[in-house]
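S.K.: Here is my input; please provide its structure:
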Amino acid sequence: MSIHDYLTDHRGFDWPALFAEWTWLVPNEHTVWLMNRYGDLFLVFGDGSVHMLDVGAGTLKKVAKDREDFSTKVDEDDNASDWFMIPLVDKLVEANLTLKAGQCYSYKVPPVLGGDYTVENTSILSIAEHYHVYGSIHQQIKDVPDGSQVIINIKRA
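M.R.: So this is what the prediction gives:
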């Protein structure tokens, strides 16, 4: 197994445009370092710290003090499996759900709205649409208490 089997090439994307719906959560000063197949990102901030943007959950969490610390922590416990969604990606590959350039796995029902991390709840979207849709959803519900009923308005990018 190579970690590269669970990453997506993120070079060449217009990141300022992709982050347009995420400015409420993602600071301006960062470098996109790694992207898993679900479009979750590992960002390096100006101080060198590594943070994970979980697009499905709408969270940004510090995972390491720097890249070297990340390289150590990725091998601890279930971090690699969790961060790169290894078991689920393996099942998707077995089910012949393969990605083309510019695509990532996404969710039919967002995890933040009760969707499961399963093959059945997975779809394929363009990376641009994935970031637009999920950024919009999370921005609309970021201040809503858990358990509240919501109406989500999704505008196509």
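S.K.: C-alpha only now, for contacts and for neighbours.
M.R.: Noted.
S.K.: Assign a three-state SS to Leu60, would you?
M.R.: State at Leu60, reduced to three classes by DSSP: H, G, I helix; E, B strand; the rest coil: strand.
S.K.: Once you drop chain neighbours, what's closest to it?
M.R.: Spatially, and ignoring its direct neighbours in sequence, Leu60 is nearest to Leu53 (4.4 Å; Cα to Cα, 6 or more residues apart in numbering).
S.K.: Run through the bridge partners of the one you found.
M.R.: Beta-bridge partners recorded for Leu53 (DSSP bridges): Leu41, Leu60.
S.K.: List the buried residues in the helix ranked longest in the chain.
M.R.: The helix that spans the most residues within the chain, counting by DSSP state H, is helix 127-141. Within helix 127-141, the residues that count as buried by 16 or more other Cα atoms under 10 Å are 127-138, 141.
S.K.: Which elements pack onto that helix?
M.R.: Using 3 or more Cα pairs under 8 Å, 6 or more residues apart in numbering; DSSP states H and E as the contact test, the elements touching helix 127-141 are helix 15-18, strand 103-107.
S.K.: now the lowest-mean-pLDDT helix or strand in the chain and strand 103-107, what's the angle there?
M.R.: One helix or strand of the chain scores below all others by mean pLDDT, DSSP states H and E: helix 127-141, with a mean of 85. If you take axes from the mean of the first three to the mean of the last three Cα atoms, to 10 degrees, helix 127-141 sits at 30 degrees to strand 103-107.
S.K.: what helix or strand does His51 sit in?
M.R.: Assigned by DSSP states H and E, His51 belongs to strand 50-54.
S.K.: List of residues touching that strand?
M.R.: The contact list for strand 50-54 (Cα atoms under 8 Å, 6 or more residues apart in numbering) reads 40-45, 59-67, 70.
S.K.: Give me the buried subset of those.
M.R.: Neighbour-count burial (16+ other Cα under 10 Å) is assigned, among the contacts of strand 50-54, to 40-45, 60, 63-64, 66-67, 70.
S.K.: This completes my enquiry, with thanks.
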